[in-house]
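Participant: Predicted coordinates and the sequence they were generated for:
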Amino acid sequence: MINVKRHNPILKNRLAVFLQTGDAEGLADYLSHLSHQEFRTASFLLSEELLLLYFGHSRTKKEDQDFWHFFTTVVPLFPKAYLGTFLKALAVLYEDEAVRLDDSRFLKYAREHAGLIDCRKILEMMLPRLKKPSEVEFLLSLFSNTLPSEFCTSFLLKSGTLPCYYVLFKLLKMQDATSELLRKYCVLLMRKGDHLSFNMACILRSYFDLSDLPGTFSLQLRPYQLGKLDESYEGFSAIIKN
């Protein structure tokens with residue numbers, strides 16, 4: 001296990017100057033000249049402290065002094081090193097509603113810079129944190145085009161949140177998935193063991209008329225409820241949370 005030195009006042013102050021002045025290019029250049037040990041420390045300081053401090057809700061940010069300016073300037077230069085650092089901060093800033101995912105610069109990054117590994121990292125980090133089905137669909141539209149469809153299903157299953165399960169339900173309807181594949185998804189959901197996942201398996205079993213699933217379900221769906229699953233996210237939520 002790599003031991004990360006978490007305290008370096010000189011390094012921290014230097015990083016802070018770049019953030020204060022909006023100098024994303026200077027930050028990228030500075031990071032590229034650090035030793036491995038110093039870079040690991042800088043990555044920790046940026047993701048856990050500085051990016052949150054300077055781009056959180058309490059700050060009034062100019063166009064060239066906000067999170068997306070630094071993300072889209074620094075990350076494309078060396079995504080293997082920088083993407084994880086910025087994603088950790090993005091997850092917190094998003095949950096605090098300090099950043100928006102539909103920023104035009106993030107869209108441009110997705111179109112021009114995000115490689116296959118980058119797309120997977122972003123989906124794995126952000127999908128479980130998204131609060132609305134529309135945001136889940138938006139992120140998938142940005143970063144799943146280069147991925148096989150089964151990867152999208154896998155990410156949604158793994159995320160295990162209400163918005164992700166609703167999008168998964170819609171996706172499976174559009175894909176016209178086979179009974180064998182749907183049964184496989186149900187078994188994976190049941191193995192997760194939590195209430196929401198078990199109810200999701202029950203919904204898939206009832207909606208797609210699957211049989212021979214192992215185990216029993218506490219959720220019993222009536223025929224009229226199957227129609228409500230199609231009506232809206234609210235209807236789906238009321239049933240799956242039962």
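Facilitator: Looks like it arrived, so ask away.

Participant: what's the pLDDT at residue 65?
Facilitator: Note for residue 65: predicted pLDDT of 64.

Participant: correction: residue 150
Facilitator: Residue 150 carries a pLDDT value of 78.

Participant: Let's verify it: helix, strand, or coil?
Facilitator: Per DSSP: H, G, I helix; E, B strand; the rest coil, the local secondary structure of residue 150 is helix.

Participant: burial count for it?
Facilitator: The burial count assigned to residue 150 is 10, neighbours taken as other Cβ atoms under 10 Å. (C-beta placed from N, C-alpha, C; glycine too.)

Participant: Tell me how far it lies from residue 187.
Facilitator: Between residue 150 and residue 187 the distance is 15 Å, computed by Cβ to Cβ, to the nearest Å.

Participant: who touches the residue lying closest to residue 25 once chain neighbours are set aside in this structure?
Facilitator: The spatial neighbour of residue 25 that comes closest, neighbours along the chain excluded (Cβ to Cβ, 6 or more residues apart in numbering), is residue 73 at 6.2 Å. By Cβ atoms under 8 Å, 6 or more residues apart in numbering, the residues touching residue 73 are 24, 25, 27, 28.

Participant: where in the protein is pLDDT low?
Facilitator: 1-4, 58-65, 215-219 (pLDDT under 70).

Participant: For the lengthiest helix in the chain, list every residue counted as buried.
Facilitator: Of all the segments of type helix in the chain, defined by DSSP state H, the longest one is helix 79-95. By 16 or more other Cβ atoms under 10 Å, the buried positions in helix 79-95 come out as 79, 82, 83, 85, 86, 87, 88, 89, 90, 92, 93, 94.

Participant: Determine the three-state secondary structure at residue 18.
Facilitator: For residue 18, the secondary structure call by three-state DSSP comes out as helix.

Participant: which element is the nearest residue to it once chain neighbours are set aside on?
Facilitator: Using Cβ to Cβ, 6+ apart and skipping the chain neighbours, the partner closest in space to residue 18 is residue 27 (3.9 Å). Following DSSP states H and E, the helix or strand that holds residue 27 is helix 24-32.
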